[in-house]
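*Asks:* based on what follows, work out the 3D shape:
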Amino acid sequence: MRWTLDRARFEEWKTHYYGLEGWDKSSGWPTTGTLGHLGLAVLGAIMANRFAAVVGETLPAAVREALPPDALAQLTSNPQALTYPDVLAALQEMLGQSGSQGAALVEQLMQSLQDSLANALSDVFLFAFAAVVVGFVLTLFLSEVPLRKTYQFDEDDAGSL
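*Replies:* Predicted coordinates:
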């Protein structure tokens, strides 16, 4: 049994695949928007990793002991938890059960999370700045490639100038 490939159907599916991946359908290269999303994904991963590492280093021992391990893991893996009022209320409730120290523990936790986020964001900006500097330096070494070496005018076009 011999298999044949329908070229038109193949091209149709290839074009569909390129569209799903965010690539230019005619050339097969990633579009500027797709490359931008990939760059943001890299910066987001750097920020999340740095945030988790810094929270682990700077979180006071009293707060670490007062929080359940699953709540602590959720906080270190998701810096956006700082912006959710429900999450903040649940943290205040959990730490409020610690007695008179509850308010102080909430304040220490919030300060640690804010410092960790600021540290992670500064690392992201430094990484992005380094990437921009490298890109700028590389453009200095690019040779100029002329698009056209000769200029030819038709006699009809010369009269209209």
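
*Asks:* burial count for Arg50?
*Replies:* Other residues lying near Arg50 total 20 when counted by other Cβ atoms under 10 Å. Backbone N, C-alpha and C define where each C-beta goes, glycine included.

*Asks:* need the contact list for it.
*Replies:* Contacts were defined as Cβ atoms under 8 Å, 6 or more residues apart in numbering; by that measure Arg50 touches 119-120, 123-124.

*Asks:* I'd like the residues you listed as TSV, with pLDDT and distance to Leu147 appended.
*Replies:* Conversion of these to TSV gives the following (pLDDT from 0 to 100; distance: Cβ to Cβ, whole Å):
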residue	pLDDT	distance to Leu147
Asn119	92	47
Ala120	91	44
Asp123	93	41
Val124	91	37
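
*Asks:* among those, pick out the one closest to Ser112, please.
*Replies:* Distances from the contacts of Arg50 to Ser112 were compared by Cβ to Cβ; the smallest belongs to Asn119, at 10.5 Å.

*Asks:* what residues of the helix or strand harbouring that closest one count as buried?
*Replies:* Assigning secondary structure by DSSP states H and E places Asn119 in helix 102-140. Taking 16 or more other Cβ atoms under 10 Å as the neighbour-count basis, helix 102-140 is seen to contain the buried residues 102, 105-106, 108-109, 112-113, 116-117, 119-120, 123-124.

*Asks:* can you give me the distance of Ala66 to Phe51?
*Replies:* Computed with Cβ to Cβ, to the nearest Å, the distance linking Ala66 and Phe51 is 20 Å.

*Asks:* which residues of this protein score low on pLDDT?
*Replies:* With pLDDT under 70 as the threshold, the chain has low-confidence stretches at 1, 79-81, 98, 151-161.

*Asks:* what segments of it are helices?
*Replies:* 7-21, 32-58, 61-66, 69-77, 85-96, 102-140, 155-160 (DSSP state H).

*Asks:* mind putting those into JSON lines with distance to Arg148?
*Replies:* Shown next, in JSON lines, are the helices of the chain (distance: least, Cβ to Cβ, whole Å):
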{"stretch": "helix 7-21", "distance to Arg148": "30"}
{"stretch": "helix 32-58", "distance to Arg148": "25"}
{"stretch": "helix 61-66", "distance to Arg148": "67"}
{"stretch": "helix 69-77", "distance to Arg148": "55"}
{"stretch": "helix 85-96", "distance to Arg148": "60"}
{"stretch": "helix 102-140", "distance to Arg148": "22"}
{"stretch": "helix 155-160", "distance to Arg148": "15"}
